[in-house]
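Student: Let me see the structure of the following:
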Amino acid sequence: MQFKHPELLYFLFLLLVPILVHLFQLRRFKKEYFTNVRFLKALTIQTRKSSTIKKWLLLACRMLLLTFIILAFAQPFFEAKDSKNSSNELYIILDNSLSMQAKGQKGELLKRAVQELLENIPENTTFSLLTNSQTFWNTTKKEIQSDLQKLQYSGIPFQAEALLTQVQAHKSAYKKDIIIITDAVGLEKKLLQSIRKEDNAYFIIPKAEQKNNVAIDSVSIQETLENFYELNVELSSQGDSNQKSSIAIYNGNNLIAKTIVTFDKNKKTVPFTIPKQEFHGKVSIEDNGLTFDNEYFFSILKPKKTAVLSIGEAEKSNFLGRIYTSDEFDFIKSPLPSLNYNAIEKQNAIVLNELETIPTALQTTLKSFVQKGGNLIIIPAPTANVTNLNDLLNAVGNIQVKPLETVEKQITKINFAHPLLASVFESKVSNFQYPKTKSNFEIVGNNSVAFYYQDGSSFLTSVVNATNSVSVFSSPLNTTNSNFQQSPLIVPTFYNMATLHSNNGINARTIGDSNPYLVATNLSKDAILSVRNKDEEFIPIQQAVNDKVKLTFNDYPAQAGNFEIYNQKIAVENISFNYNRIESQQNTPNEASYSDYETIESIAAVINQLQTDRTDSQIWKWFVIFALLFLLAEMAIIRFLK
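Tutor: Numbering: from 1, shown residues only. Purely as a prediction, here's the structure:
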């Protein structure tokens with residue numbers, strides 16, 4: 001037992017007072033007997049014995065009364081078993097990602113967690129609360145009650161490592177208690193390495209009862225017809241087999257088509273045919289599982305022709321004219337001597353078609369063209385100056401080539417995952433008649449390769465960046481040196497090299513994607529682009545590049561939907577944003593990730609445990625009770641004991 005105010009124990013010296021009073025009452029007097037009272041002698045002796053017992057009882061009661069009063073004021077207590085952590089600071093990490101929309105026994109996981117926090121955190125407790133979208137430092141329940149009740153789901157997946165890093169970066173002289181409330185979907189053990197050994201981490205893992213879920217994963221243009229688009233809607237299903245779902249496609253608020261889908265397997269592709277026009281669309285399904293993945297927003301912009309310039313001999317560019325047709329491209333070809341340098345900045349793609357030398361002025365212009373978002377395609381000439389060619393390659397893509405080798409090679413391997421080819425093949429091709437070349441320049445470096453020779457060297461290296469690309473063939477493509485022009489590969493390869501980063505296809509971005517986006521518009525002085533719809537408006541990070549503006553959205557917008565990009569008050573382009581689908585693809589908590597930490601069933605349980613283990617047992621009230629009992633005992637002795 002310990003005392004909060006041990007200095008008050010000095011007042012125990014006051015116990016001498018009742019002892020002195022008692023001794024004073026017991027001092028002896030000389031006795032004189034008179035003849036007329038001698039007959040009372042026997043009665044007096046008996047009364048004196050009774051009085052002595054009464055005085056001793058009163059002395060005991062008064063001493064115990066005074067003792068318990070003094071001890072009560074000294075506030076005795078038994079130290080808590082976890083008293084060393086009683087000064088710990090409390091941090092609560094609350095997962096408000098979209099997977100917390102799942103329903104448990106008492107409703108949606110996030111809403112139930114918020115309700116339990118408000119019910120169980122003591123009013124006077126100071127703590128810090130971190131979510132995916134908001135942070136509250138050193139606050140109380142009363143201060144953030146309204147914010148918690150309005151807490152929305154975040155389109156950003158739960159980032160445990162980033163939130164824990166924020167907690168550890170918050171300077172404090174005390175240890176930390178960290179309560180992590182998450183469904184643990186996608187959680188990995190390595191993401192929890194920021195938790196220090198001296199801190200205490202507690203996991204609360206709310207469990208979802210509903211395991212069935214249907215999600216819209218993506219929308220793509222399968223084929224472009226004269227008056228229609230053939231769309232493919234990719235769906236995924238989890239849980240029970242043979243689930244059925246209603247799926248509809250809208251243009252704005254207008255219903256375009258609707259059908260019923262039966263999931264006989266986990267993945268399903270649903271085709272739709274829509275008019276070939278500007279489209280501000282939404283695909284919607286009916287599903288009793290997670291709700292955030294039941295809608296997919298997309299935009300199809302008014303088709304714009306892609307500007308392509310081929311620099312080189314006109315007759316060597318004839319095959320390009322058959323690929324870059326007038327219905328989709330503004331294709332022009334120009335010999336090097338008559339090249340109009342001012343036209344370069346207006347192009348989307350430039351093909352250097354077998355130039356023997358590349359002038360320094362052209363190299364400088366092409367470097368600027370690539371930096372501002374252009375696609376550059378380089379086909380080397382058999383007589384190309386290697387040093388001159390490497391100067392350009394080093395400037396635009398950190399690529400180098402070795403001198404020409406006259407060795408026949410066959411192109412035998414396709415990198416199906418390369419950005420140029422990702423949407424070209426429905427499946428991997430194994431029995432394909434591959435083209436060949438008679439001579440080639442070996443490409444060196446660690447850049448991404450789209451096509452390989454049989455010896456593992458590169459036929460086509462294409463460096464695809466966020467807003468531009470540089471594609472380099474290792475061999476001349478004229479019919480004397482190669483039969484690549486007769487290969488079925490040539491059309492999708494050159495088509496995609498020219499149209500990379502164009503906005504002519506499905507325009508649907510993922511919230512949280514930091515890749516830049518190019519908008520074809522001119523900004524006046526001090527003007528900025530804004531993005532908005534009827535519910536939300538924000539200004540992205542932006543940079544003007546010639547007649548384009550490069551936008552970076554990061555974590556905006558907060559809600560998925562169809563938006564318009566405005567240049568002041570004029571809408572210049574449609575754009576759509578969707579939530580990341582990663583959390584709809586995993587509905588089982590990763591128990592191994594948090595197995596090294598204490599798991600507690602509920603918020604009430606962890607709060608009670610912390611209070612019980614770290615609160616000293618105060619027993620001064622018992623001493624007050626005992627003091628009152630001895631006071632009553634004294635009064636009873638005085639009144640009833642003769």
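Student: Now do the helices in the stretch 301-450 of the chain.
Tutor: 318-323, 360-371, 386-397 (DSSP state H, counting those that start in this stretch).
Student: Residue 636 is nearest to which of those?
Tutor: Checking the helices of the stretch 301-450 of the chain against residue 636 by C-beta to C-beta gives helix 360-371 as the closest, at 100.1 Å. To be clear about C-beta, it is placed using only N, CA and C from the backbone, and glycine gets the same treatment.
Student: Tell me how far that closest one lies from the chain's centre.
Tutor: Taking the mean of its C-alpha atoms, helix 360-371 sits 39 Å from the chain's own mean (C-alpha atoms, centre = their mean, to the nearest Å).
Student: what angle separates it from helix 386-397?
Tutor: Angle, helix 360-371 to helix 386-397, by axes from the mean of the first three to the mean of the last three C-alpha atoms, to 10 degrees: 30 degrees.
Student: Check the model's average confidence along helix 360-371 for me.
Tutor: Average pLDDT, helix 360-371: 91.
Student: Check which residues of that helix are buried.
Tutor: 362-363, 365-366, 369-370 (16 or more other C-beta atoms under 10 Å).
Student: Show me what it is packed against.
Tutor: strand 349-353, strand 375-379, helix 386-397 (3 or more C-beta pairs under 8 Å, 6 or more residues apart in numbering; DSSP states H and E).
Student: Dump those into JSON lines; add distance to residue 530 and mean neighbour count as well.
Tutor: Shown next, in JSON lines, are these (distance: least, C-beta to C-beta, whole Å; neighbours: other C-beta atoms under 10 Å):
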{"stretch": "strand 349-353", "distance to residue 530": "30", "mean neighbour count": "24"}
{"stretch": "strand 375-379", "distance to residue 530": "28", "mean neighbour count": "25"}
{"stretch": "helix 386-397", "distance to residue 530": "33", "mean neighbour count": "18"}
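Student: hmm, back to that, which of the helices of the stretch 301-450 of the chain sits closest to residue 341?
Tutor: Nearest to residue 341, of all these, is helix 360-371, at 5.7 Å by C-beta to C-beta.
Student: Now do that closest one against strand 349-353, angle only.
Tutor: Going by the same axes, to 10 degrees, helix 360-371 makes 140 degrees with strand 349-353.
Student: neighbouring contacts of helix 360-371?
Tutor: 311, 336, 339, 341, 344-345, 347, 350, 352, 358, 376, 391-392, 395-397, 468, 470 (C-beta atoms under 8 Å, 6 or more residues apart in numbering).
Student: Any chance of JSON lines for the buried residues of helix 360-371, columns distance to residue 457?
Tutor: Converted to JSON lines, the buried residues of helix 360-371 look like this (distance: C-beta to C-beta, whole Å):
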{"residue": "362", "distance to residue 457": "28"}
{"residue": "363", "distance to residue 457": "25"}
{"residue": "365", "distance to residue 457": "30"}
{"residue": "366", "distance to residue 457": "25"}
{"residue": "369", "distance to residue 457": "28"}
{"residue": "370", "distance to residue 457": "24"}
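Student: Can you tell me which of these is nearest residue 521?
Tutor: residue 369 (18.7 Å).
Student: There's contact between residue 9 and residue 74 in this structure, I believe.
Tutor: Yes. Residue 9 is in contact with residue 74 according to C-beta atoms under 8 Å; the separation is 5.5 Å.
Student: the more surrounded of these two?
Tutor: Shown here are residue 9 and residue 74; by other C-beta atoms under 10 Å, residue 74 has more neighbours (21 against 14).
Student: backbone phi and psi for the more buried one, please?
Tutor: The phi/psi pair for residue 74 (degrees, to the nearest 10) reads phi -80, psi -10.
Student: pLDDT wise, what is it at?
Tutor: Residue 74 is given a pLDDT of 75.
Student: Let me know the distance separating it from residue 631.
Tutor: 19 Å (C-beta to C-beta, to the nearest Å).
Student: Residue 241: which of the helices and strands packed on helix 360-371 is closest?
Tutor: strand 375-379 (44.7 Å).
Student: Show me what the closest one pairs with in its sheet, parallel or antiparallel.
Tutor: Here strand 375-379 is paired, per DSSP bridges, with strand 349-353 (parallel), strand 469-473 (parallel).
Student: could I get those strands as CSV with distance to residue 605 and mean pLDDT?
Tutor: Shown next, in CSV, are the strands paired with strand 375-379 (distance: least, C-beta to C-beta, whole Å; pLDDT from 0 to 100):
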stretch, distance to residue 605, mean pLDDT
strand 349-353, 62, 93
strand 469-473, 56, 93
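Student: Show me how far the stretch of helix or strand residue 249 belongs to is from its chain's centre.
Tutor: In the assignment (DSSP states H and E), residue 249 maps to strand 243-251. Centre-to-centre, strand 243-251 and its host chain are 28 Å apart (C-alpha atoms, centre = their mean).
Student: With stretch 558-574 instead?
Tutor: Taking the mean of its C-alpha atoms, stretch 558-574 sits 24 Å from the chain's own mean (C-alpha atoms, centre = their mean).
Student: Show the pLDDT at residue 284.
Tutor: So, for residue 284, pLDDT stands at 94.
Student: Parallel or antiparallel, which strands does the helix or strand encompassing residue 518 pair with?
Tutor: Secondary structure from DSSP H and E places residue 518 in strand 517-520. Sheet pairing here is set by DSSP bridges, and for strand 517-520 it gives strand 548-552 (antiparallel).
Student: Run through who's touching the strand it pairs with.
Tutor: Outside of strand 548-552, the residues within contact range by C-beta under 8 Å, 6+ apart are 372-373, 467, 514-521, 523, 529, 531, 540-544, 565.
Student: Averaged pLDDT, stretch 296-306. What do you get?
Tutor: On average, stretch 296-306 scores 86.
Student: pLDDT score assigned to the nearest residue to residue 239 once chain neighbours are set aside?
Tutor: Excluding its sequence neighbours, the residue lying closest to residue 239 (C-beta to C-beta, 6 or more residues apart in numbering) is residue 212, at 3.3 Å. Looking at residue 212, its pLDDT stands at 80.
Student: For residue 212, the count of nearby residues, please.
Tutor: Neighbour tally, residue 212, other C-beta under 10 Å: 15.
Student: thought it was touching residue 242?
Tutor: No. Taking contacts as C-beta under 8 Å, residue 212 lies outside contact range of residue 242: 11.1 Å.
Student: out of the helices of the stretch 301-450 of the chain, nearest to residue 578?
Tutor: helix 360-371 (29.8 Å).
Student: And the residue nearest the centre of the chain, what's its pLDDT?
Tutor: Centre of the chain computed as the mean C-alpha position; nearest residue by C-alpha atoms, centre = their mean is residue 157, 3.1 Å away. Listed pLDDT for residue 157 reads 83.
Student: Now do the SS call for it.
Tutor: Three-state assignment for residue 157 (DSSP: H, G, I helix; E, B strand; the rest coil): coil.
Student: Assess the claim that it and residue 584 are in contact.
Tutor: No. Using C-beta under 8 Å, residue 157 is not in contact with residue 584; the gap is 10.6 Å.
Student: Spit out the residues that contact these two alike.
Tutor: What both residue 157 and residue 584 touch, as defined by C-beta under 8 Å, 6+ apart, is the set residue 98.
Student: then the strand holding residue 518 to CSV, C-alphas only?
Tutor: Extracted C-alpha coordinates of strand 517-520, given in CSV (Å, rounded to 0.1, in the frame of the first residue of the first chain):
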residue,chain,number,x,y,z
TYR,A,517,-2.9,14.3,-67.7
LEU,A,518,-2.6,16.5,-70.8
VAL,A,519,-5.4,18.8,-71.8
ALA,A,520,-5.3,20.5,-75.2
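Student: next helix or strand past that strand?
Tutor: strand 529-532.
Student: Paired strands for that following strand, with orientation please.
Tutor: strand 537-538 (antiparallel), strand 561-567 (antiparallel).
Student: Next, format those as a markdown table and append mean neighbour count.
Tutor: Listed next are the strands paired with strand 529-532 as a markdown table, based on neighbours: other C-beta atoms under 10 Å:
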| stretch | mean neighbour count |
| --- | --- |
| strand 537-538 | 14 |
| strand 561-567 | 19 |
